[in-house]
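Undergrad: sharing a model prediction with you, sequence too.
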Amino acid sequence: MSDSTIHDVLILGSGPAGLTAAIYTARASLEPLVLEGEPSSTGDQPGGQLMLTTEVENFPGFPEGIMGPELMMGFRDQASRFGADLQTVKASKVDLSERPYKVWVGDPEAAEPTYLAHTLIISTGATALMLDLPNEQRLLGHGVSTCATCDGFFFRDQDIAVIGGGDSAMEEATFLTKFAKTVTIIHRRDEFRASKIMQDRALANPKINVMWNSQVTDVIGDQTVEKVLIEDTVTGEASELPVTGVFVAIGHRPNTDLFVGQLDMKDNGYLITQAPSTRTNVEGVFACGDVQDDTYRQAISAAGSGCMAAIDAERWLEDNVHG
């Protein structure tokens, strides 16, 4: 292939991180190619997890709030306006063994890659683990949530439930007591997996109740959540718990399968970046957003890291390709 077929910047993913990177690299006249992903029922899709969110009230600049999909369309339109090439396809394979880097779309066994790139910005995000309940996806954003920081405010003075038993569940439950009337932690075992300090903090909170040896079998509600159906994991006895909110806190899975064996990862699968930059262990490959952030996982922090990745890529290209 000739040099004209090698993209300066190829961005994988189109959540807040990927589209911010697209805006910055497009304004730098780098003509980024963005592989947005393909529609799905998870956060691994064009626009990321905000496409599954209703009202967003904590993104700066929108004092009255904004719907998640509307916010992401604004990101997308801005990137497109500056010249980013947005393709609604998903990478099926990448080869980072040599430059230019190779990216396949469609058949990963095809002899020739679909795209070549001098730099890659990886912003494939993370997917919240769900329970696969019959009504879970239907009520996602309508009482079912995976982010207490994002949605807790909407449940002021209400009875809500948190599902899980790890540190994330304890942290979410404790945070939600700032708003909710009561928080019931529903856990399938008779003890938590969470660290002792996180357990103690949650169990000492007078607003928090625990349902041990219990699993949710469905979420019930017409337009919004009204109750959850529960089964005792020891006796099999069925019961109901009236709640208006259900926070699923059983973890997130970073969308890093494409990079196994090629990029350094933490034990939990998140990509490792070389702080304070977004550099990975491979020259010219950068990572931003939730794919490398297992701490904050917010749209605004993802967008900030997307800006960082764009600047890092621009400087790398200047030093190694265009200089």
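TA: Arrived safely. Numbers count the residues shown, from 1 in each chain.

Undergrad: so who does the nearest residue to S14 once chain neighbours are set aside touch?
TA: Excluding the flanking residues, the one nearest S14 by C-beta to C-beta, 6 or more residues apart in numbering is E36, at 3.9 Å. C-beta coordinates here come from the backbone N, C-alpha and C atoms, glycine included. E36 is in contact with 13-14, 18, 46-47, 86-89, counting by C-beta atoms under 8 Å, 6 or more residues apart in numbering.

Undergrad: go with 10 Å
TA: By C-beta atoms under 10 Å, 6 or more residues apart in numbering, the residues touching E36 are 11-15, 18-19, 22, 45-48, 76, 86-90.

Undergrad: gap between the two ends of stretch 124-143?
TA: From its first residue to its last, stretch 124-143 covers 26 Å (C-alpha to C-alpha, to the nearest Å).

Undergrad: typo on my end, it should be stretch 123-137
TA: Distance between the boundary residues of stretch 123-137 (C-alpha to C-alpha) amounts to 24 Å.

Undergrad: in that stretch, which residues are buried?
TA: Residues of stretch 123-137 classed as buried: 123-131, 133, 135-136 (neighbour count, 16 or more other C-beta atoms under 10 Å).

Undergrad: and stretch 309-323, what's its mean pLDDT?
TA: Across stretch 309-323, pLDDT averages out at 96.

Undergrad: same deal with stretch 219-231?
TA: Mean predicted lDDT for stretch 219-231 stands at 97.

Undergrad: that stretch: how far from the chain's middle?
TA: The chain centroid and the centroid of stretch 219-231 are separated by 25 Å under C-alpha atoms, centre = their mean, to the nearest Å.

Undergrad: and if you look at stretch 256-272?
TA: Centre-to-centre, stretch 256-272 and its host chain are 15 Å apart (C-alpha atoms, centre = their mean).

Undergrad: in helices, which of the contacts of E36 appear?
TA: Those of the contacts of E36 mapping onto helices are 18-19, 22, 76, per DSSP state H.

Undergrad: and of those, the nearest to P113?
TA: G18 (19.8 Å; C-beta to C-beta).

Undergrad: okay, now the closest residue in space to E237 that isn't next to it in sequence: neighbour count?
TA: In space, and not counting its chain neighbours, E237 is closest to E231: 7.2 Å by C-beta to C-beta, 6+ apart. Look at E231: counted by other C-beta atoms under 10 Å, it has 17 neighbours.
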